[in-house]
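[1] just to be clear, the model below is a prediction. Sequence and coordinates:
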Amino acid sequence: MKIITLKNEALQSEKIAQDTAAFIRKNPGALLCLAAGDTPLEAYRQLIRLQAAGEVDLGSVYYVGLDEWEGIGRETSGSCMQVMFDGFYDPAGIPADRIVAWNGLNDDPEAEKKRIEDWIGLRGGIDFTLLGIGMNGHVGFNEPGTGLPEGCLRVKLDETTRRVSVKYFGRALPIEYGLSIGAGELKKAKKVFLIASGRHKAEIVMKTARMPASAEVPSSLMTDHPDITLYLDEAAAEQLG
Ligand code: F6R
């Protein structure tokens, strides 16, 4: 796994945006799967700036949502859908027919999983994925112990994930399950970016990059992908030695 460490989060985001733009330029028509969460938001703003400068056409590729909190929809601030549409898809002007995102309000999770799997199948698989590392090492909602499932899954959320969710919603919502693309499906992508920033991620980054791969640290299961890059700021890289 290639590791790129930048001095701070601003420089890290700039580099992630540049490298994502380079992939998009080379792969028109590709299917991208981009994480929500806080870590990539500045990189998404940078990508929109690159598009405004004429350096990339973000509407030249397709998108699939990575995950969603079950029972939560776009009208809830902090849902993955709200974060991605308000933070990226809408300001980037991506045409609606290029995006398929999870609907956390669908009361038939099996149908929802199939809808996402069908879109991935229609586009011939995910080509590129950008994944944030969670405090427990999850990628998407592939929680510790989930392994490398292909297709999509409904997961009982880990206690850490439920605790961390307060930062998105500003309060504790009674969420028990998540819907996600499986880590094994994500691992089939041609290119994988893993990202983490801040000192609070230093320990899980060390476990991801320096300890033997383990199902207890889902991000570590991605590290033997043939084209994976871990983007860090110096604070997140602190325990790498
Ligand atoms: C979001 C997602 C999550 C986050 C992860 C890191 O779509 O799938 O796995 O990427 O929890 O979240 P932040 O970036 O908020 O620390």
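    In hand now; what should we look at? Numbering: from 1, shown residues only.

[2] send me stretch 6-22 as CSV with only the CA atoms.
    The C-alpha trace of stretch 6-22 is given here as CSV (Å, rounded to 0.1, in the frame of the first residue of the first chain):
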residue,chain,number,x,y,z
LEU,A,6,0.8,15.8,3.8
LYS,A,7,1.6,18.4,6.3
ASN,A,8,-2.0,19.3,7.1
GLU,A,9,-5.6,18.6,6.2
ALA,A,10,-5.8,21.4,3.6
LEU,A,11,-2.8,20.0,1.6
GLN,A,12,-4.0,16.5,2.0
SER,A,13,-7.4,17.4,0.6
GLU,A,14,-5.8,19.2,-2.3
LYS,A,15,-3.7,16.1,-3.2
ILE,A,16,-6.8,13.8,-2.9
ALA,A,17,-8.7,16.1,-5.2
GLN,A,18,-5.9,16.3,-7.7
ASP,A,19,-5.4,12.6,-7.8
THR,A,20,-9.2,11.9,-8.1
ALA,A,21,-9.5,14.5,-10.9
ALA,A,22,-6.6,12.7,-12.7
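
[3] is it positioned near the ligand?
    No. Between stretch 6-22 and the ligand, judged by Cβ under 6 Å from any ligand atom, nothing touches; the nearest distance is 11.0 Å. (Each C-beta comes from the backbone N, C-alpha and C, glycine too.)

[4] gap between that stretch and the chain center?
    Centroid displacement of stretch 6-22 relative to its chain, using Cα atoms, centre = their mean, to the nearest Å, is 15 Å.

[5] also stretch 38-48?
    12 Å.

[6] so which bits of it are buried?
    39, 40, 41, 42, 43, 44, 45, 46, 47, 48 (16 or more other Cβ atoms under 10 Å).

[7] closest one of these to residue 147?
    residue 39 (23.5 Å; Cβ to Cβ).

[8] okay, and the beta partners of the residue nearest to the closest one when sequence neighbours are not counted?
    Leaving aside its sequence neighbours, residue 39 sits nearest to residue 132 (Cβ to Cβ, 6 or more residues apart in numbering; 4.4 Å). Beta-bridge pairing of residue 132 under DSSP bridges involves residue 195.

[9] equivalent analysis for residue 4, please.
    Note on residue 4: beta-bridge partners residue 231, judged by DSSP bridges.

[10] can you get me a residue count around it?
    Residue 4 is flanked by 15 other residues according to other Cβ atoms under 10 Å.

[11] ok, stretch 111-120 near the ligand or not?
    No. Judged by Cβ under 6 Å from any ligand atom, stretch 111-120 and the ligand are separated, with a smallest distance of 13.3 Å.

[12] please shift the residue numbers so they start at 587 in all later answers.
    Shifting the count to begin at 587 puts that one at stretch 697-706.
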